[in-house]
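model the following, please.
(one chain, ligands or ions: 1)
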Amino acid sequence: MIATGLAQPPLQPLRLPWLAAAGVEVAVLRLDLIDPLVSGNKWFKLRPWLEQARQSGAAGLISLGGPWSNHLHALAAAGAREGLHTVGLLRGEPRHTATTDDLHAMGMRLHWLGYGGYRARHQPGFWAPWLARYPGMLAVPEGGACEPGMQGCSQLLSLTEARLAELGWEGFDAWWLAAGTGTTLAGLVHAERGRRPVHGALAVRSGQGAERNVEALVGQFGYHWHEASRGGFGKADAALLAFMQATEAQSGLPLEPLYTAKALMALHDHTLAGHLSPGTRLVFVHTGGLQGRRGFLQTQDL
Ligand SMILES: Cc1ncc(COP(=O)(O)O)c(C=O)c1O
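Numbering: from 1, shown residues only. The predicted structure is shown next:
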């Protein structure tokens, strides 16, 4: 059963020359390792929905995403294990990607909404025809961006604190992680209640909703935004790809270009700009997403 089947995420030291030079210590919370399919922050965002579906006897879960969506991939995998039907509403015109092939294989019903149809997802009444077509299903917002998703992510604090002793750490100074909708960040801010700051590296252009989502969930305090999108969601320039490759070679930490590499590169730039004093200890959350990496060289339509 999925609720008990996931491993606890390891907390591993990250050894990189630019961190050593600055005297900054970073431990990586490896959410990418908790499960081969329901990977990363997705498990924490989806778990409350799975529990609600089970408790309410819902027929299944319906949600939205792009053709390489980590969110739909995790939802399809979790649904298949839990015996819940899943439906995915996809952005764009019908096509095959490694991700959509997986979604099919995991039993998710797919509908392609086109681009205009997908843009309508925030309009009132968007869900009504889908819930009429699939009665008894729960509609999970895009990217799991919602209060239950935030509550699920707030567990990351206790999971991390339980592992600090393994590193010989009594504590740490701040969090650093990639943000898309900001729901994972909001979960940490909610759990921290102002104790430690949470730094969100925005993998989408600022002003596209993450800031509003986080403010609505947790207010204005306890976190800092860093622009990390490098031109927009799905964009990866040569410098980012070179950084990702060098980091993987030097540390063995697998990354993908859309979220985790951007977040770590933002931390790199922040460190080199002298914003962190020697002795600073950070936890970097690896939010997963490695399945989406398969598509990166094939398309920019992520
Ligand atoms: C790998 C990965 N990291 C980070 C994020 C961003 O998470 P959030 O939307 O909670 O900010 C996502 C998207 O959900 C993701 O797929």
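
drop to CA atoms for contacts and neighbour counts, all remaining ones
OK.

what parts of this protein come near the ligand?
Contacts of the chain with the ligand, taken as CA under 6 Å from any ligand atom, map to 70, 143, 178-184, 259, 287-289.

go again with 8 Å.
Applying CA under 8 Å from any ligand atom, one finds that the chain approaches the ligand through 40-42, 45, 69-71, 143-145, 150, 177-186, 202-203, 210, 256, 258-260, 286-290.

now, which of those residues lie within helices?
Among the residues of the chain next to the ligand, DSSP state H puts Asn41, Lys42, Lys45, Asn70, His71, Met150, Thr183, Thr184, Leu185, Ala186, Ala210, Thr260 in helices.

can those residues go into a markdown table with extra columns for pLDDT and neighbour count?
Compiled in a markdown table, those are given as follows (pLDDT from 0 to 100; neighbours: other CA atoms under 10 Å):
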| residue | pLDDT | neighbour count |
| --- | --- | --- |
| Asn41 | 95 | 27 |
| Lys42 | 94 | 28 |
| Lys45 | 94 | 28 |
| Asn70 | 94 | 26 |
| His71 | 95 | 25 |
| Met150 | 96 | 28 |
| Thr183 | 96 | 30 |
| Thr184 | 97 | 31 |
| Leu185 | 98 | 29 |
| Ala186 | 98 | 32 |
| Ala210 | 94 | 23 |
| Thr260 | 98 | 25 |
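
now the strands: where do they sit in the stretch 201-302 of the chain?
Using DSSP state E, counting those that start in this stretch, the strands of the stretch 201-302 of the chain run over 223-227, 281-286.

now do the longest one: which elements does it pack against?
I take that to be strand 281-286. For strand 281-286, the elements it packs on are strand 25-30, strand 174-179, judged by 3 or more CA pairs under 8 Å, 6 or more residues apart in numbering; DSSP states H and E.

between strand 281-286 and the last one, find me the angle.
Strand 174-179 and strand 281-286 are oriented at 20 degrees to each other (axes from the mean of the first three to the mean of the last three CA atoms, to 10 degrees).

and strand 174-179, which strands flank it?
Partner strands for strand 174-179, per DSSP bridges, with pairing direction: strand 198-202 (parallel), strand 281-286 (parallel).

contacts for it next, please.
Here strand 174-179 makes contact (CA atoms under 8 Å, 6 or more residues apart in numbering) with 185, 196-204, 210, 259-260, 262-264, 267, 281-287.

please name the nearest non-neighbouring residue to the residue in the stretch 201-302 of the chain that the ligand sits nearest to.
Per CA to the nearest ligand atom, Gly289 is where the stretch 201-302 of the chain lies closest to the ligand, at 3.5 Å. The shortest distance from Gly289 to any non-neighbouring residue, by CA to CA, 6 or more residues apart in numbering, is to Asn70 (5.7 Å).

and what of Thr280?
Per CA to CA, 6+ apart, closest to Thr280 is Val24, 5.1 Å.
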